[in-house]
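> 3D model of this:
(chains A and B)
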Amino acid sequence: MSGRHESGERGSPYAPHTADETAAMLEAVGADDVTELFDIPESVAFDGEFGIEARSEQAAERHVRGLLSRNDDLTEFLGRGHYEHYVPSLVDHLSLRSEFLTSYTQYQPEITQGFLQALFEYQSMLVELTGLGIVNASMYDHATALAEAALLAARVRSTDGDRVLVPDYLLAERRDVLENYTDGAGLSVETFATDDGNVDTDALAETIDDDAVMVYVENPTTRGTIEEHLAAVGDLADDHAALFCLGSDPVALSVLREPESVGADVVVGDAATLGLPTAYGMGLGLFACREDFVRQVPGRLVGASEDAADKRTYTLTLQTREQHIRRERATSNICTNQAWVALRTAIHAAYLGPDGLVDLANDCVRLAADLAQRLDDVTGLQAPVHDRHHFREFVAHTDQPAGAVASDLEAEGFAVHAVGEHEVQVCITDSNEHAADELVAAFEEVA
Amino acid sequence: MNYDQARWTDGAAKGGEDAEGQYEPLLSEKNSEEVEVESPLPDELTRDSLELPALEEPELARHYTRLSQMNYGVESGPYPLGSCTMKYNPKFTEDVAALPSAAVHPDRSERSVQGSLALMHGLQDYLARIGGMDAVSLQPPAGAAGEFTGILVAKAFHEQNREGDRRDEIIVPDSAHGTNFASAALAGYEVVELPSGDDGRVDLEALEAAASDRTALFMLTNPNTLGLFERDIEDIAEIVHDAGGLLYYDGANLNALLGQARPGDMGFDIMHYNVHKTFATPHGGGGPGAGPVGVTDRLAEFLPAPRVREAEEGGGYELFDPENTFGKVHGFHGNWLVLVKAYAYIARLGDEGLTDASAKAVLNANYLASQIDYEVPFEPFHHEFVASAGDQDAADVAKRMLDYGVHPPTTKWPEIVPEALMTEPTEIEGKDTLDQLAEAFDAVATEDDETLANAPNRTTARRIDQTSAARNLRLSWQALGDDE
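A predicted model of the protein is given here:
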């Protein structure tokens, strides 16, 4: 297969040089050998080998397939901040078109109108879902978007406050990322109590003061409950001039109250609940905020413009906020980000349309309620633990130790979270509802 | 050979001079539908209505296909965007990343995801060998996130030595990527900018003067953004280490060195790998990438949690938290699918392929530079060079190059070269394509300012007014409605 390459040498299969061309190019630059072109002192030159075997494409494909085949084939009822919905085939086929996939950041808008328009459409759909006027298509995931929200809050607040308030149900990994990102800005992350899976507004009222730069709550929460006190949280934040940041996702936002209408200043979350499979945790940070924060926003923004022929066009805008221009005074360090995932999310959302999204969200609510009811009927289980409305997932109490229940379920081919000594969490969507009967039967065996 | 774009005009242009394509954009009022939201939830918890595009699948397929035809990727033509390393992305890597076995939830038990952990362990190992590093974390989801992670490692190291408060400065050369400055600031450090020497490299005297007991880290790209190898790297490492600081390698230019030199051997303590650049994973219109971080032995205990190792009992692999980890920089395991593609690429090329890739990348840059009329003030360069457009405006030169069917270089950066055209052809271009690129450079070099200022003419859009986009902000179709 190396016919075009120098005889006897297996070089990069993706460097198209023939031996004659290499010789002609070397002659043009006045070198006898390519290694002459490397200006590396002898003392730091590498003369060893990596010890990595070269493979044919077929062998490499088989090797990686073989590695991944060691993953067990389980039916997952897992959520807790990372959700699977069926991704229509159209999303793969369109997003994998090479003009999209193999391009880079749209530094030359005249030849990247296609991607720019797709990102503009992504921004527009999220503006509709959040009610907030500014959306970027840049953040890595929910956790990093939350962290950037706290940094934004610190920038736009006029006082010297340094407290970021988060609910006690916040995932440990999210809190960890938030703390690592905000440490350099001198912020301190503090917890307020919740009550039966929702914000305890009395506890929040006692915790909040004028040093709070941001209050964060989720809807739906990490425990699957739908938050009933959003407007009260918004008022409390407002009273102390703190930003109100809400965590959510595009499917939930299709039916839940618009964040803007309850006073949210920023919305973060994982937008790849549409567009990506579970992907071992890869995501797309959702980031939306009020229009008056636009010059303090992190990440890339696509704006409408006109070209020399007065036609509607799109371009990256407000780049003076970004690291390649503003350097250490930039609003974030983000450069390569999640544009392609945003493209996939946009295609998936457009595929479902308003009816499809509302149906999908309503199905999640019904499926979670039904499954909780059925598990509540299983001896040794009480579900849901919280007397609230739920979205996609819920926590159940197990009389047995939760770890043993989860482990026994895994042996039956199902994955659920063990979240406490006697608590498991179960997530159900369109992607696993077909296996609900089997899950209930397995719970009956092991609970 | 030249690339011409489809020009789908929107409805407003119907009947106008550019009316060859009749095409309604997705997000016009016409294609959206407002539906009333009814739900099993109480009214006070739900929204009243939702307005979004409502098209059927065939219409959507055409919409996004048309958008793709108005976009330029590596498979459309040459893409010599300096410092971005726009390489061809093999197709089979997409296939393995799309395997159902790669799509697992991040909260799965370790025993049930042995395949994912084996791949991560293998990639940690590959990257350590290639970089000459001892331990690798795969978590950072991009190069800039890798920089930030590396800085947190340095911070944790200095804090353990009770020097955390004193070492509050990070030194960055003036030619460095903007991300270096921003990442240092994000971590709370003062940035000390180091002016380059007359030869475009680190000025050792200036570094001596800048390094002190306040220095936490010196961040360096090698070869640097002019494509020049920092020949004094051992002296640089000595100056930084003598001052008690650590040396950081920005992996953006690693494609120049594979098999020729390794950051670990040059004295670097911490590095990040831009796997989307060096290991040919698609750049996705701006991402996702991945920015794994490698460190030497003494810093391994500070890496983010979790990492993967061989299980202490029972065979297989397990996750573990490094002893003095500062925690996490991504909610889960980073941009996992990108890691799968990078692993597959390295497994395909092996020693010979990786080494040859760098050799051809360096040959291509040198050959292209030898064929163009623009002056290249600094040499000998490796995988990229920075030409100067001289009296011409580099941004205009770039717009005019679009008319010759190629993607232009990075412009006006680094600022050390006036009207910079930073060019990186990578190893994937053959001689004919490089000749085509050289023709485009040379044709533009002879043209007058007016021709350049009126370009481009053959693209989907004519010259776009960036100022109006920033002055009259319209960031959604809802904002367009206000406008018209």
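> check contacts around the residue in chain B positioned nearest to chain A.
Closest residue of chain B to chain A, Cβ to the nearest Cβ: B:F332 (2.4 Å). Just so you know, the C-beta spots here come from the backbone N, C-alpha and C atoms, and that holds for glycine as well. Neighbour list for B:F332: A:82, A:141, A:173, A:280-283, B:106 [criterion: Cβ atoms under 8 Å, 6 or more residues apart in numbering or on different chains].
> which pLDDT value does the model give residue 107?
No chain in the question, so chain A it is. Looking at A:Y107, its pLDDT is 96.
> nope, chain B please
Looking at B:D107, its pLDDT reads 98.
> from A:F192, how far out is the closest residue in space to it that isn't next to it in sequence?
Distances taken as Cβ to Cβ, 6 or more residues apart in numbering or on different chains put A:L78 closest to B:D107, at 5.2 Å, once the chain neighbours are dropped. Distance, A:L78 to A:F192, using Cβ to Cβ, to the nearest Å: 27 Å.
> still on that earlier bit, how close does the residue of chain B closest to chain A sit to A:G224?
19 Å.
> again with A:L126
From A:L126 to A:G224 the distance is 23 Å (Cβ to Cβ).
> do A:G403 as well
20 Å.
> try A:L375
The gap separating A:L375 from A:G224 is 13 Å, by Cβ to Cβ.
> now the helices for chain A?
For chain A, helices defined by DSSP state H occupy the ranges A:19-29, A:57-68, A:89-95, A:98-101, A:113-130, A:142-156, A:172-182, A:201-207, A:230-239, A:250-253, A:323-326, A:339-376, A:402-411, A:436-446.
> next, the buried residues of the first one.
Going back to what we said before, that points to helix A:19-29. A:21-22, A:25-26, A:28-29 (16 or more other Cβ atoms under 10 Å in any protein chain shown).
> is any residue of that helix near chain B?
Yes - contact of helix A:19-29 with chain B (Cβ under 8 Å from any Cβ of the partner chain) involves A:21-22, A:24-26, A:28-29.
> what is the nearest of these to A:V87?
The closest of the residues of helix A:19-29 next to chain B to A:V87 turns out to be A:E21 (Cβ to Cβ; 42.7 Å).
> and the nearest residue to the closest one once chain neighbours are set aside, what is it in contact with?
Leaving aside its sequence neighbours, A:E21 sits nearest to B:K431 (Cβ to Cβ, 6+ apart; 4.2 Å). Counting by Cβ under 8 Å, 6+ apart, B:K431 makes contact with A:17, A:21, A:24-25, B:367.
> excluding chain neighbours, what is closest to B:P106?
A:G281 (3.2 Å).
> just to be sure, B:T149 is in a helix?
Yes - assigned with DSSP: H, G, I helix; E, B strand; the rest coil, B:T149 falls within a helix.
> could you measure from it over to A:H142?
B:T149 sits 18 Å away from A:H142, going by Cβ to Cβ.
> in CSV, list the contacts of B:F332 along with neighbour count and distance to B:L228.
Putting those into CSV (neighbours: other Cβ atoms under 10 Å in any protein chain shown; distance: Cβ to Cβ, whole Å) gives the following:
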residue, neighbour count, distance to B:L228
A:H82, 26, 44
A:D141, 32, 36
A:E173, 22, 41
A:Y280, 27, 39
A:G281, 23, 39
A:M282, 31, 36
A:G283, 35, 38
B:P106, 21, 42
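> kindly reformat the residues you listed as TSV containing distance to A:E121.
Shown next, in TSV, are the contacts of B:F332 (distance: Cβ to Cβ, whole Å):
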residue	distance to A:E121
A:H82	25
A:D141	21
A:E173	31
A:Y280	28
A:G281	26
A:M282	22
A:G283	20
B:P106	29
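> which of the residues you listed lies closest to B:K155?
Taking the contacts of B:F332 together and measuring to B:K155 by Cβ to Cβ, the closest member is A:E173, at 19.9 Å.
> what's the offset of stretch A:205-214 from the middle of its chain?
Offset of stretch A:205-214 from its chain centre (Cα atoms, centre = their mean, to the nearest Å): 28 Å.
> which other residues reach that stretch?
Outside stretch A:205-214, the residues touching it (Cβ under 8 Å, 6+ apart) are A:149-150, A:153-154, A:157, A:159-165, A:187, A:190, A:192, A:215, A:236-237, A:239-245, A:266.
> do stretch A:353-371 as well
Contact with stretch A:353-371 is made by A:85, A:224, A:250-252, A:254-256, A:349, A:352, A:389-394, A:426-430, A:433, A:436, A:439-440, B:32-35, B:37-41, B:50-55, as judged by Cβ under 8 Å, 6+ apart.
> for that stretch, give the mean pLDDT please.
98.
> just stretch A:226-240 next, same as before
For stretch A:226-240, the mean confidence score works out to 97.
> and if you look at stretch A:125-133?
Stretch A:125-133 shows a mean pLDDT of 97.
> cool, and stretch B:167-179?
Model confidence over stretch B:167-179, given as mean pLDDT, is 96.
> tell me which residues touch the nearest residue to A:A406 once chain neighbours are set aside, please.
Closest residue to A:A406 apart from its sequence neighbours, by Cβ to Cβ, 6+ apart: A:A418 at 4.2 Å. By Cβ under 8 Å, 6+ apart, the contact set of A:A418 is A:402-403, A:405-406, A:424.
> and those residues, which are buried?
If we count by 16+ other Cβ under 10 Å, those have these buried: A:402, A:405-406, A:424.
> of all those, which comes closest to B:D235?
Taking Cβ to Cβ as the measure, B:D235 lies nearest A:A406 of the buried ones among the contacts of A:A418, at 56.5 Å.
> which stretches of the chain have low pLDDT?
Chain wasn't specified; assuming chain A. By pLDDT under 70, the low-scoring segments of chain A are A:1-9.
> that's the wrong chain, I wanted chain B
Using pLDDT under 70, chain B drops low at B:1-2, B:9-30, B:481-484.
> mind doing that once more with 50?
B:1, B:12-22, B:484 (pLDDT under 50).
> chain neighbours aside, what residue packs nearest to residue 408?
In the absence of a named chain, this looks at chain A. A:V446 (3.8 Å).
> um, chain B though
B:A398 (3.6 Å).
> count of neighbours near B:D448?
The number of residues packed near B:D448 is 8, by other Cβ atoms under 10 Å in any protein chain shown.
> can you give me the helices for the stretch 1-150 of chain B?
B:57-69, B:92-97, B:114-131, B:143-160 (DSSP state H, counting those that start in this stretch).
> buried ones in the last one?
Right, helix B:143-160. So, applying 16+ other Cβ under 10 Å, buried residues of helix B:143-160: B:143-158.
> many thanks, have a good one.
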